[in-house]
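S.K.: I need the structure of the sequence given here:
(chains A, B and C)
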Amino acid sequence: MRSAKHISLLSASLLIARKDLAIEFRTRTAFFSAVVFALLGIVIFYFAWDPTAVAAIDLAPGVIWVIFTFAGLLGLHRSFGVEMADRAIDGLLGAPVPREAIYLGKALANLVFVSAVEAITIPAVALFYNMPFGGQGFAIAVIALLASIGLVAVGTLFSAMAVNTRLAELLLPMLSLPFFVPVVMPAAQATARLLAGRPVAEVAGWVRILVAFDIAFVVACMLAFPFTLEE
Amino acid sequence: MTEADRALHQVVEAHGLVRSFGGRRAVDGVSFALAGGECLAVFGPNGAGKTTLLRMLAGLLKPTAGAARIAGVELPGGPDVRSVVGLISHASMLYGALTARENVELAAKLYGVSRPRDAALRSLERMRVADRAETPVRSLSRGLQQRVSVARAMVHEPEVVLLDEPFTGLDAAGAAALSGALVELRSNGAALILVTHNIEEGLSLATRAAIMNGGRFVRVEEREGLDAAAYAASYRELVS
Amino acid sequence: MSDISLRGEAARAPVAATRASGRGIDWFFLVAVVLVVITFVRVVYFTPVEAIQGPAQKIFYLHLPAALAAFMAFGLVAITSVLYLWLKDPKLDLIAESAAEVGVVFTTMVLVSGPLWGKPVWGTWWTWDARLTLTLFLWFVYVGYLVLRGAIEDSAMRARYSAVLGILGALLIPFIHLSVYLFRTLHPMPIVLKPSAPSLPKDMLETLLLSFVSFTILFFAFLRARYHLALDRAAIEAEDRR
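M.R.: Numbers count the residues shown, from 1 in each chain, chains lettered A, B, ... in the order given. Alright, predicted model coming up:
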């Protein structure tokens, strides 16, 4: 009999995350689609409102976060698609790998994906909307990270479910968006305040909600994930 | 092997395995025992439950009823069972965008194989596909993909190998490489369960032959002394 | 043609003989309906009109009990979801399905009656009132739940996935509540008069209580009827598969 030392949750998660990112890096289609979608969205929003009525700086946070959620959904959708193509998921399931590692690994890869899209679109917004990001840049980055964790935690789980259903493209946004609201709202509100030059202490309440949401849903989704696998 | 010998080296034991989906029993009471070095060929029509049986033994599905042990571990044994089993199915279970070596190396790492890169290349070499190791899998022909798939399944030197129609899509060279690899595994003490439509190929590797229909083994006999042609004829009659 | 229908009926005969729904009069449901009718009569004719809000205020006798029923349904979905993942009993999944469908109906009632009440009394169709917003999200989760169920053929997978969504949906509710609360404290919002029960005069309170009782009974009547339907459908599905 083989020695009972199996791969740890962390190592397996990292392996799976690296694998997902390697695949995405080779093809890059999802990433480019998400970035182009985000940029187009930002531009459309700019032309869709009356600049004399609402200043760019007031509109920007809302626009950023709405765009991120939809661009993120594009990326989330492909997360499990790649596993179903040749039943590669059976390869993962047949290995002595804890099932939660599949969830964590994919969520991590999705987080990198979403963060990469954000890293490109936030400067684009600063450019198109003529906004100074300057001093509050770090705080905004932290908020973006916390919010992305929340989006990815829920989105990864729902994409695991949606990929097995008939209406995958419709179902993923439909199920995810109500869950994105307690993420998007605090993120947008906090970003707005920071851009307006308010002190960081003022957005503490919003940050707390984000952290609470992240902890609650990463744990809940990780525990729920094995139930999305047939066993 | 004598009965006594076999009893000492059971690698796979199944007792009344049942698997239901909703109200339907896909596997309806399967029992058998297999020792290291033996190969059980399972023939049967579509829908007989062969794939479901293999998936249970591979740790992908939990039995609804009955019991089974793989290398002494009770099913579903979690990682302990999965680490000694290799599964080959008609889906390649490969990531098209990654190279052959990357796919096999990933499996090696997930199974905790030491020096995963070397193990991956060795496994690819055994399946005569090492020269395409750095090619993305989706650029390979179906036959070569299947060879990579086999290399992937065997990189951790499993004690039990489950094969679901593995010869599908393989050309003569690929089939020869697979047979060679399987014979080698058998002589190293692995137990094989081979599900196939191809009676000739199945019998050429088997030490025991079973026919599965309606979720059950309706006929089981030792390979020794079986006339392949007669067996094939009676099989066709049984399932028509 | 007639051959096919005869065969179909013969196949269904075993289920028809033992089926739970549609046999005779559903007395429980009848009682519930009668109670609701009595309630309405009392609301319209025998309850005084509220001084400030006028006759439109009477919608509240529907709005509040419907909200209670909606949240009860949701709680039932959450509880049966947890129990299903633990015990794997398909009946639990059928209860969850029934509760979700009934819940959607009551939630819609709340969302429709809210604006109908709001417009004449406060001048706006919609206020992002904490409770109304929460109910709106409840509606979205319910609808997502039912669409998810509709998109899955395999009954075991459907039950598992629905249970996961049911539990996560329940986890979502406190976060929505918190978000809306934070949002409202930082933004000027129209002040919504909270119809608090203790300050209601006696006969209004009695009407409200009667309404709560009759709506709750109606909820359970709907639930029971829908559950029987679900049982029969599952039995027919099982037969068709054999």
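
S.K.: Secondary structure element holding the most centrally placed residue in chain A?
M.R.: Nearest residue to the geometric centre of chain A (CA atoms, centre = their mean): A:V152, 3.8 Å. Here A:V152 sits within helix A:137-162, counting by DSSP states H and E.

S.K.: Is that helix positioned near chain C?
M.R.: Yes - for a cut-off given as CB under 8 Å from any CB of the partner chain, helix A:137-162 has contacts with chain C, namely A:V154, A:L157, A:M161. The C-beta positions use only the backbone N, C-alpha and C, and glycine is treated the same way.

S.K.: now the residues you listed as CSV including distance to A:F113?
M.R.: Listed next are the residues of helix A:137-162 next to chain C as CSV, based on distance: CB to CB, whole Å:
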residue, distance to A:F113
A:V154, 15
A:L157, 16
A:M161, 19
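
S.K.: Quickly name whichever of these is closest to C:A99.
M.R.: For the residues of helix A:137-162 next to chain C, the minimum distance to C:A99 (CB to CB) is 20.2 Å, reached by A:M161.

S.K.: tally of neighbours for that closest one?
M.R.: A:M161 has 26 neighbours, counted by other CB atoms under 10 Å in any protein chain shown.

S.K.: do the same with C:S98
M.R.: Count around C:S98 with other CB under 10 Å applied: 24.

S.K.: my read is it is in a helix, agree?
M.R.: Yes - remark: C:S98 belongs to a helix, assigned using DSSP: H, G, I helix; E, B strand; the rest coil.

S.K.: Any figure for the gap between it and B:T196?
M.R.: 46 Å (CB to CB, to the nearest Å).

S.K.: do the same with B:L60
M.R.: Counting by CB to CB - B:L60 and B:T196 are separated by 19 Å.

S.K.: repeat for C:D129
M.R.: 66 Å.

S.K.: And C:P55, by the same measure?
M.R.: 79 Å.

S.K.: In terms of neighbours, single out the busier of the two.
M.R.: B:T196 (22 against 10).

S.K.: Contact partners for the more buried one?
M.R.: B:T196 is in contact with B:A41, B:V42, B:F43, B:L163, B:E165, B:P166, B:F167, B:G202, counting by CB atoms under 8 Å, 6 or more residues apart in numbering or on different chains.

S.K.: From B:V160, how far out is the second one?
M.R.: Read it as B:V42. With CB to CB as the criterion, B:V42 and B:V160 are 14 Å apart.

S.K.: Those two: which is more packed in?
M.R.: B:V42 (26 against 22).

S.K.: neighbouring strands for the host helix or strand of the more buried one, and are they parallel or not?
M.R.: Element membership for B:V42 (DSSP H and E) is strand B:39-43. Take DSSP bridges as the rule and strand B:39-43 pairs in its sheet with strand B:191-195 (parallel), strand B:208-213 (parallel).

S.K.: Quick check: mean pLDDT of that strand?
M.R.: Averaging pLDDT along strand B:39-43 yields 93.

S.K.: Burial check on C:P201, number of neighbours?
M.R.: With neighbours defined by other CB under 10 Å, the count for C:P201 comes to 10.

S.K.: any idea how far C:S214 is from the closest residue to it other than its chain neighbours?
M.R.: Nearest non-adjacent residue to C:P201, counting by CB to CB, 6 or more residues apart in numbering or on different chains: C:P48, 7.4 Å away. C:P48 is 19 Å from C:S214, where distance means CB to CB.

S.K.: Neighbours of residue 29, how many?
M.R.: Chain wasn't specified; assuming chain A. Using other CB under 10 Å, A:T29 has 10 neighbouring residues.

S.K.: The intended chain is chain C.
M.R.: Taking other CB under 10 Å as the criterion, the count of residues near C:F29 is 16.

S.K.: ok, residue 107 - contacts?
M.R.: I'll assume chain A. Neighbours of A:A107 in contact, by CB under 8 Å, 6+ apart: A:V152, A:A153, A:T156, A:V218, A:C221.

S.K.: my bad, chain C
M.R.: C:T107 neighbours (CB under 8 Å, 6+ apart): C:A70, C:A73, C:T135, C:L138, C:W139, C:Y142.

S.K.: Low-confidence regions, chain C specifically.
M.R.: C:1-23, C:186-200, C:241-242 (pLDDT under 70).

S.K.: What of chain B?
M.R.: For chain B, the ranges with pLDDT under 70 are B:1-9.

S.K.: Around chain C, pick out the residues from it.
M.R.: Residues of chain B lying near chain C (CB under 8 Å from any CB): B:F21, B:G22, B:G23, B:R24.

S.K.: ok, the third one - how many residues close by?
M.R.: Spelled out, it's B:G23. The number of residues near B:G23, taken as other CB under 10 Å, comes to 14.

S.K.: name the element the closest residue to it other than its chain neighbours belongs to?
M.R.: Using CB to CB, 6+ apart and skipping residues adjacent in sequence, the residue nearest B:G23 is C:A238, 4.3 Å away. If you go by DSSP H and E, C:A238 is part of helix C:202-241.

S.K.: Contact residues of chain C facing chain A?
M.R.: Selection of chain C residues close to chain A by CB under 8 Å from any CB yields C:85, C:137, C:140-141, C:143-144, C:147-148, C:151-153, C:156-157, C:160-161, C:163-165, C:167-168, C:171-172, C:175-176, C:178-179, C:182-183, C:186.

S.K.: Alright, calling it a day.
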